[in-house]
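Q: Sequence below, structure please.
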Amino acid sequence: MPYFKPYEISAPSTSNSVMSAILFYDLNDSASAGNPKTKLNNPNQIFQFGSFNGGCWRCAYEVDSIGEASVLIYFSRIAAPYVGIVAAASAAVIAKFLGYV
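A: This is a model prediction of the structure:
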């Protein structure tokens, strides 16, 4: 998803560091949302206070709406040389078939 800013794919080392920091915070702070003694109005509030989203709340697109476009952009960049070769070969075959060569 690097084609749709501000989405950012974190490196594994970054994700490990951030998730470790959240874990240590939850283990050491008695007021954290991860502590079973902390009263929450809704069980989903644990994600409100201890999340790491990577920019998905700042983007105008939803993850579901850009997945296919990201895959098409990625594979079209990888396949571009092969498409050019196939197009050139096809043009040569058509020119031979029509008698231009």
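
Q: Sketch out the low-pLDDT regions of this protein for me.
A: 1-8, 54-61, 63 (pLDDT under 70).

Q: Identify the single longest helix in it, thanks.
A: Secondary structure of the chain per DSSP state H: the longest helix is helix 63-98.

Q: List the buried residues of that one.
A: Neighbour-count burial for helix 63-98 flags 66, 70 (criterion: 16 or more other Cβ atoms under 10 Å). The C-beta positions use only the backbone N, C-alpha and C, and glycine is treated the same way.

Q: now stretch 21-37
A: 22, 26, 32, 33.

Q: The third one: helix or strand, and which one exactly?
A: Taking DSSP states H and E as the criterion, residue 32 maps to no regular element, lying outside all helices and strands.

Q: that older thread, what's the most distant pair in the buried residues of stretch 21-37?
A: The largest separation in these, counting by Cβ to Cβ, is between 22 and 33 at 10.3 Å.

Q: hey, what's in contact with both of the two?
A: Residues touching both residue 22 and residue 33 (Cβ atoms under 8 Å, 6 or more residues apart in numbering): residue 50.

Q: returning to what we had before: pick the one among the buried residues of stretch 21-37 closest to residue 53.
A: Comparing the buried residues of stretch 21-37 against residue 53 with Cβ to Cβ picks out residue 22 as the nearest, at 12.1 Å.

Q: if we can go back for a sec, for the buried residues of stretch 21-37, give me a markdown table that also has distance to residue 70.
A: Output for the buried residues of stretch 21-37, formatted as a markdown table (distance: Cβ to Cβ, whole Å):
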| residue | distance to residue 70 |
| --- | --- |
| 22 | 27 |
| 26 | 32 |
| 32 | 35 |
| 33 | 32 |
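
Q: what's the closest of the residues you listed to residue 49?
A: Relative to residue 49, and with distances defined as Cβ to Cβ, the nearest of these is residue 33, at 4.0 Å.

Q: And residue 23, which helix or strand is it part of?
A: In the assignment (DSSP H and E), residue 23 maps to helix 12-28.
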